[in-house]
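Colleague: Task: produce atomic coordinates for the following.
(2 chains)
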Amino acid sequence: MSILVTESTKLVVSGLTGREGRFHGLNDRRYGTDVVAGVTPGKAGEDVEGIPIFNTVHTAVEETGANTSMIFVPPRFAADAILEAADAGVELVVCITEGIPAHDMLRVYTHLKRSDRTRLIGPNCPGVLSPGKSNVGIIPAHFFSAGNVGLMSRSGTLTYQIGNEVAQRGFGNSTIVGIGGDPVVGSSFIDVIALFEQDDQTELIVMCGEIGGDEEERTADYIAEKVSKPVVGYIAGFTAPAGKTMGHAGAIISGSSGTAKAKAEALEAKGVRVGRNPTEVADVAVEVLGAKV
Amino acid sequence: MDLLEYQGKLLFKKHGVPVPEGRHAASVQEAVEAAEESGFPVVIKAQVQIGGRGKAGGIKLAKNRPEAEEHAEAILGMDIRGLTVQELYVEQASEIAEEYYAAIVFDRGTKRAIAMLSRMGGMEVEEIVDKDPTAMVKLPIDPLIGFQHFHGRRLAFEAGIAEDVIRPVGAMLGKLYEVYVEEDAMLVEVNPLLVTGSRDVVALDSKVTIDGNALYRHEDTAAFRNPSVEDPQEQLAKERGLVYVKLDGNVGILGNGAGLVMSTLDVVAQAGGKPANFLDAGGGSRAEAIVDAVEVILSDEKVTAVLFNIFGGITRCDEVARGLVTAFEQVEVKVPFVVRLDGTNDEEGRRILADASLPHVEVEKTMLGAAAKVVELAG
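Modeller: Below you'll find the predicted structure:
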């Protein structure tokens, strides 16, 4: 049945009239996503290839019944756009924007957790794709088909790499979720794995982590306690030096914490098999899925 | 972005955190002038952002002009754990009665700021807290409420600091939180937080890290420089708008997407190679970006072979291939390149490279194959 985005997703895009927002918004529509509205203050009444533009997310939701928002506005306006979508009652916000100040995200995160009405995916993420159903974000959908592997990742391109290796071995995906590469993201691996655990279509979960923070370690504990489905892991950044930000704002080893080695060991200690490279992850996934039937 | 001590103290002053009088100096002469202006005794401090400056001889007390000259001369140019001292901070000496530790830390695990206070400040604080975690009092701060007076009181009473300074230390913690929020800091640390002989409370050191994503709203901070850690390749990359981290190996690496590049470094290391850098050409790697990237990678003279690892999603492999052809026209390339193009428009990309028949370029289809090849060629 997939998670987060499905056939019933009705999408409003903040920043649809911008270059990136327009390109990817229209791409998502071509894939079959029901893109019902765009929001750009001051441009109400215009349209982007037939998609109506509204001044506020509130009017967009009232007029179109949008239940999911995708944020494509520049970093300095993104926290505001997320809060606006939440205030308008949107259930799911997917924020693609990279470069939002961490303090802004800390306030947004705390507010959203407190009201507990809106789920946020991202920021600094490629979005969510449920193959054959809906694509909300920038994941190149043509590599992926519907299937039983749930994939979640802190990175975009690496997700495509691993997803494609799994696809080449004949497997498809229930949903692919980019949770984002920032230090503070709306949904953690634990939040997403809990949804995969409940999802009938998902039979195997692939988790693609990287250096920085302790998300993967916490998820290892959660898997041991609460997840019955097999999980295959991957961690990027074994060769990363301490104290350097490796592209993603969240990918930094602070002192001795957040190393790839510690994460891989934490996962393995809880019985999660960890591939040493993307190809090995796909090999292990296929081995597990093959052994299941 | 890690700030030097004097830069952190400029932010402290701006927000009313008490600090001793001091001046930045980049030469012996400037240091001596600064010392005479503030009046002896002064402390001459190496400006490098690394622990153990004092133990390494980078902090010295000068009681008169000849001593100031002697110490400034000795410290400038000194190597402290791999960093060359290029700047000094000349500060009025303080009489030390007590040394505490205070910090506000952005904690990504709990999604809170953690305010910390210990009465066991000074050089050994980490070892002391390792042995006795109760020596450090920690309080999570709700970002929507902020630091309240009661937080300061709780920290001060629970840390067991001297009773006569409970109010000023609590007040300083509040000011440090203000620095943390208003300057978009990920870390604000004061060690030692000093109680002077006359019972004044001052921040004797500062360690501040600012969120790079927030620099657009802090022009003053964005202009701070730290020449002791500036690397020529990293500077060049920054000017060209590339995400580049210098490493110490000989295999130059370019990829698209931070995660894929990290993974590429790992795979090269697994194949027995040593990566020379991390370079993320970004989502929509356009031809100009590829030209810039090749220039930056090759400006590192240790590089003996280069790996391009592209998985085309939004990035189109044909565009990367065209960029590479252009780069070879503009840059003199003497080392072998291994190019792995997979994903969107990969066949066209490989065809463009084949047609151009670039010297020293090998095309591989898989990531592992490409890594093995580049390690072999790098020698």
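
Colleague: where in the stretch 151-293 of chain A is pLDDT low?
Modeller: Per-residue confidence for the stretch 151-293 of chain A (pLDDT under 70) gives these ranges: A:291-293.

Colleague: Mind doing that once more with 90?
Modeller: Scanning the stretch 151-293 of chain A for pLDDT under 90 picks out the ranges A:156, A:168, A:242-244, A:247, A:249-257, A:289-293.

Colleague: Can you pull the residues of it lying near chain B?
Modeller: Proximity of the stretch 151-293 of chain A to chain B is confined to A:153-161, A:164, A:181, A:183-184, A:208, A:210-214, A:218, A:236-241, A:244-251, A:260, A:276-279 under the rule CB under 8 Å from any CB of the partner chain. Placement of C-beta: from N, CA and C, glycine included.

Colleague: so of those residues, which ones are in helices?
Modeller: A:Thr157, A:Leu158, A:Thr159, A:Tyr160, A:Gln161, A:Asn164, A:Arg218, A:Ala260, A:Pro278, A:Thr279 (DSSP state H).

Colleague: Could you dump these into TSV with neighbour count added?
Modeller: Converted to TSV, those look like this (neighbours: other CB atoms under 10 Å in any protein chain shown):
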residue	neighbour count
A:Thr157	29
A:Leu158	27
A:Thr159	28
A:Tyr160	33
A:Gln161	31
A:Asn164	19
A:Arg218	15
A:Ala260	23
A:Pro278	30
A:Thr279	18
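
Colleague: Report the two of those separated the most.
Modeller: Comparing all pairs in those by CB to CB, the longest separation belongs to A:Asn164 and A:Arg218, at 28.2 Å.

Colleague: A:Ala224: what's its closest spatial neighbour, skipping adjacent residues?
Modeller: Distances taken as CB to CB, 6 or more residues apart in numbering or on different chains put A:Lys270 closest to A:Ala224, at 4.1 Å, once the chain neighbours are dropped.

Colleague: next one: B:Phe147
Modeller: By the measure of CB to CB, 6+ apart, the closest residue to B:Phe147 outside its immediate chain neighbours is B:Tyr177, 3.6 Å from it.

Colleague: Make sure that neighbour is indeed in a helix.
Modeller: Yes. The assignment for B:Tyr177 (DSSP: H, G, I helix; E, B strand; the rest coil) places it in a helix.

Colleague: list the contacts for it?
Modeller: Contacts of B:Tyr177 were listed using CB atoms under 8 Å, 6 or more residues apart in numbering or on different chains, and they are B:Ile104, B:Ala113, B:Ala115, B:Ile141, B:Gly146, B:Phe147, B:Val188.

Colleague: likewise B:Val202?
Modeller: Applying CB under 8 Å, 6+ apart, the residues contacting B:Val202 are B:Pro18, B:Val19, B:Pro20, B:Ser94, B:Leu193, B:Leu194, B:Thr196.

Colleague: got these as JSON lines, with distance to chain A columns?
Modeller: Putting those into JSON lines (distance: CB to the nearest CB, whole Å) gives the following:
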{"residue": "B:Pro18", "distance to chain A": "24"}
{"residue": "B:Val19", "distance to chain A": "23"}
{"residue": "B:Pro20", "distance to chain A": "28"}
{"residue": "B:Ser94", "distance to chain A": "28"}
{"residue": "B:Leu193", "distance to chain A": "21"}
{"residue": "B:Leu194", "distance to chain A": "25"}
{"residue": "B:Thr196", "distance to chain A": "31"}
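
Colleague: Right, I'll call it a day here.
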